[in-house]
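Undergrad: coordinates for the following, if possible.
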Amino acid sequence: MAPRVDLAVINSCNNLLLDKEFERCYEICGTCISECLNHLEVPRIASIRDSLCLIAIQALAELNRWQEVVPYVTKTYSGMEECPVQIIQACLLLHHHVRDLSTCSVLANIWLRKPSNMALDDYVLVLDTYLFQVLYNVSRWDEMLATVELCSPAIGSSSVEMYKQQISQLRERAEMNRIETLATQAQQDEQTEEMKKASKESAVAKPSLKKYLENRLSLCRFYAVKSLTWMRNSTSSVQFQNGALLVIIFYLLFTRANADFLSWQTIWSLWSSLVKFWKAMFAPLHQSRSD
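TA: Numbering: from 1, shown residues only. As a prediction, the model looks like this:
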């Protein structure tokens, strides 16, 4: 009796996968694979089974049921070592993605050790997947070298040396990148600490706004009272003029100037300038009145 599965089933399962109907896709793949197992003598059935198994693995991964993948493949092929290249590659990449490195190691060793697999033309594809997409990403350098030695009967001594040289270069490059990363991180940490220290020093050195205003108002009140008292007790127009000058000076100093830089030298310089200005402007008028 001819099997009912054909290429149309693969297309249908692919469409279900694209439509995110993962559960239904997985169920149909399982049913069709079971039928394929009863007709493996038909040449095209084996390739259909392989395609459906690959789709089922993707559906299980999307359903977050990756723990079921190895038992599923083992049942489909009567052992992991019997599965084709694309299936073992999918299993390795899936378990590496979920950080199940121990399972990756077991699967790779089982499949790579099998003599019949060593005779396959695509044997190095599985080796490269395990070396450079699994072990390399977790810096398992010694395990990479051990795997190359394990596969030496299949790949030959010249290929073993080539792999070892490539692994050595990758290791040196990874170490250089690690050192550069650490140096960059240390530099960034040092700059961050310097910025924090400078920020703290600035916060300590700079007076608060409240304290600044309190000091300014206190100085204004003190000198204003002194000036007004002196002007009230003055007995001549000259003394009154001097008092007016003092009021002007205090107004400029304590409302228009930065109190952090006030000093008696600054005040005296401003006083002298204002006296000269006052004499230049009002002395002629005073002399004319006296005459």
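Undergrad: ok, V5 - contacts?
TA: By C-beta atoms under 8 Å, 6 or more residues apart in numbering, the residues touching V5 are 32, 35-36, 45, 48, 52. The C-beta positions use only the backbone N, C-alpha and C, and glycine is treated the same way.
Undergrad: how about it: what's its closest non-neighbour residue?
TA: Spatially, and ignoring its direct neighbours in sequence, V5 is nearest to C32 (4.7 Å; C-beta to C-beta, 6 or more residues apart in numbering).
Undergrad: burial count for that neighbour?
TA: Here the number of neighbours of C32 (other C-beta atoms under 10 Å) works out to 25.
Undergrad: in what helix or strand does it lie?
TA: helix 22-36 (DSSP states H and E).
Undergrad: what's that helix packed up against?
TA: With contacts taken as 3 or more C-beta pairs under 8 Å, 6 or more residues apart in numbering; DSSP states H and E, helix 22-36 sits against helix 7-18, helix 43-62.
Undergrad: hmm, which of the contacts of V5 are the buried ones?
TA: 32, 35-36, 45, 48, 52 (16 or more other C-beta atoms under 10 Å).
Undergrad: sorry, back to before: buried deepest among the helices and strands packed on helix 22-36, which one?
TA: Of all the helices and strands packed on helix 22-36, helix 43-62 has the most neighbours on average by mean count of other C-beta atoms under 10 Å, namely a mean of 19.
Undergrad: can I get the CA coordinates of that helix in CSV?
TA: Output in CSV follows, covering the C-alpha atoms of helix 43-62 (Å, rounded to 0.1, in the frame of the first residue of the first chain):
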residue,chain,number,x,y,z
PRO,A,43,13.3,6.1,-1.5
ARG,A,44,11.5,9.5,-1.2
ILE,A,45,10.0,8.6,2.2
ALA,A,46,13.2,9.0,4.1
SER,A,47,13.8,12.5,2.9
ILE,A,48,10.1,13.4,3.7
ARG,A,49,10.6,12.0,7.2
ASP,A,50,13.8,14.1,7.7
SER,A,51,12.0,17.3,6.6
LEU,A,52,9.0,16.7,8.9
CYS,A,53,11.3,15.9,11.8
LEU,A,54,13.1,19.2,11.3
ILE,A,55,9.8,21.1,11.2
ALA,A,56,8.7,19.2,14.4
ILE,A,57,11.9,20.3,16.1
GLN,A,58,11.2,24.0,15.2
ALA,A,59,7.6,23.6,16.5
LEU,A,60,8.7,22.2,19.8
ALA,A,61,11.2,25.0,20.2
GLU,A,62,8.5,27.6,19.6
